[in-house]
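> following is a predicted model, sequence given first.
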Amino acid sequence: MSRADQPSASSATSASSPLWSLGLLRSELLITFRRWRTLALLGVLAAVPVLVGIAVKIETSDGASFGGGGGGGGGGGGPAFISQISNNGLFLVFTALAATLPFFLPMAIGVIAGDAIAGEASAGTLRYLLVAPAGRTRLLLAKYATVIAFCLAATLVVAVSALAVGALLFPVGDLTTISGTRISFAEGLGRALLIALAVAASLVGVAALGLFVSTLVGSGIAAMATTVGLLITVQILDQIPQLDALQPYFFSHYWLSFADLMREPVYWDDLTKNLGLQVLYAAVFGSAAWARFTAKDITS
């Protein structure tokens, strides 16, 4: 790192201010959420519940049931929820999250996280950010916080879109849990919010992985492609029976455990395993990203 990258004493003092750090985070959030790419990703995610809702509406227009029902668990949440959509539109929220979590949501997170550092390097703005000075650790934290904010925003976009479409196309009211008990619509909305938060939390490991990949390469496109490729590879490996001893350690293994929030009482075992696994991935790949970024020679 050249002398131009080393901040002066006065600018370093300014950069250490909490308000300056908040300003950096605010700037990163505004830049990320104003990009056409980000808006396009959110638009695609919002369209998925619309397509699912219309498909179910057409399929059940003659009074027939959709999907065949059945109980659900961590891995069967999608089919169990989809069979209930025509009875209660709130189930479209759960179905849409189950449909987007295996691919669409992590792909979107991978694009944003992979571009976080590598995109700045390829655009020639990373060196400028460090001259500002942001400080490498502070900049990396701001980037990661921005990706986490996108995780939450993307999940809520899916949930809100599904809730709106479900209320428009299907009846809403009291609903039946996977366990067969009845809960009020208000409690169902609370469960939907908890499920959305659980899904967002399931993506923090992917966010850290994408950020780490972003520190390794100097091209935003290469970082995004590598991150998405890793996501697909891990999920393929998670379906191979011969790897069942390793699968509980894959970050995607417990993703669909959010379905257990629709049990009565709630089954917390897989939910807590999923949260612990995401924290572990965030710690490992976040530390690796920090180690790589703080030692990296910034030339662009």
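Perfect, thanks for sending it. Numbers count the residues shown, from 1 in each chain.

> for the helix ranked longest in the chain, give the mean pLDDT please.
Longest helix in the chain, counting residues (DSSP state H): helix 136-169. Helix 136-169 shows a mean pLDDT of 94.

> contacting residues around the helix or strand just after it?
Note on helix 136-169: by DSSP states H and E, the next helix or strand toward the C-terminus is strand 175-176. Strand 175-176 has contacts (C-beta atoms under 8 Å, 6 or more residues apart in numbering) with 84, 87, 88, 90, 91, 182, 183, 185, 188. C-beta: built from backbone N, CA, C; applies to glycine.

> separation between residue 128 and residue 139?
Distance of residue 128 to residue 139, given as C-beta to C-beta, to the nearest Å: 11 Å.

> give me the more crowded residue out of the two.
residue 139 (22 against 13; other C-beta atoms under 10 Å).

> can you pull out the low-pLDDT segments for this structure?
Counting by pLDDT under 70, the ranges of the chain that qualify are 1-20, 62-80, 131-134, 297-300.

> count the neighbours of residue 179 for me.
Residue 179: 12 neighbours (other C-beta under 10 Å).

> now swap in the one 3 residues further on and tell me
Look at residue 182: counted by other C-beta under 10 Å, it has 11 neighbours.

> doesn't residue 173 make contact with it?
No - between residue 182 and residue 173 there is no contact under C-beta atoms under 8 Å: 10.1 Å.

> related to what we said a few turns ago, okay, buried residues for the longest helix of the chain please.
Buried residues in helix 136-169, counted by 16 or more other C-beta atoms under 10 Å: 136, 138-144, 146-159, 161-166, 169.

> which neighbours do residue 128 and residue 139 share?
In contact with both residue 128 and residue 139: no residue, using C-beta under 8 Å, 6+ apart.

> which neighbouring elements make contact with the longest helix of the chain?
Contacts defined by 3 or more C-beta pairs under 8 Å, 6 or more residues apart in numbering; DSSP states H and E place helix 136-169 against helix 18-34, helix 36-59, helix 91-100, helix 104-123, helix 126-131, helix 185-201, helix 204-216, helix 269-295.

> look up how far residue 187 lies from residue 209.
Residue 209 is 35 Å from residue 187, by C-beta to C-beta.

> no, scratch that, I was asking about residue 288
Residue 288 sits at a distance of 41 Å from residue 187 (criterion: C-beta to C-beta).

> next: residue 92.
Residue 92 is 17 Å from residue 187, by C-beta to C-beta.

> likewise for residue 125?
Taken as C-beta to C-beta, the span from residue 125 to residue 187 is 48 Å.

> same check on residue 220?
Remark: distance between residue 220 and residue 187 (C-beta to C-beta) = 43 Å.

> the more surrounded of those two?
A count of neighbours by other C-beta under 10 Å puts residue 220 above the other of residue 220 and residue 187, at 20 against 14.

> can you name the residues that contact the more buried one?
Counting by C-beta under 8 Å, 6+ apart, residue 220 touches 114, 115, 118, 119, 121, 122, 123, 214.

> so which of those wins on neighbours?
That'd be residue 214 among the contacts of residue 220, by other C-beta under 10 Å, with 33 neighbours.

> hmm, that one is touching residue 118, no?
Yes - with contact defined as C-beta under 8 Å, residue 214 and residue 118 form a contacting pair (4.5 Å).

> any shared contact partners between those two?
Shared contacts of residue 214 and residue 118 (C-beta under 8 Å, 6+ apart): 220, 223.

> disregarding flanking residues, what is the spatial nearest neighbour of residue 97?
Nearest non-adjacent residue to residue 97, counting by C-beta to C-beta, 6 or more residues apart in numbering: residue 199, 5.1 Å away.

> tell me the contacts of that neighbour?
Neighbouring residues of residue 199 by C-beta under 8 Å, 6+ apart: 97, 101, 105, 155, 255, 258.

> hmm, try it at 7 Å
97, 101, 155, 258 (C-beta atoms under 7 Å, 6 or more residues apart in numbering).

> related to what we said a few turns ago, got the angle for the longest helix of the chain vs helix 91-100?
Angle between the axes of helix 136-169 and helix 91-100 is 130 degrees (criterion: axes from the mean of the first three to the mean of the last three C-alpha atoms, to 10 degrees).

> nothing else from me, thank you.
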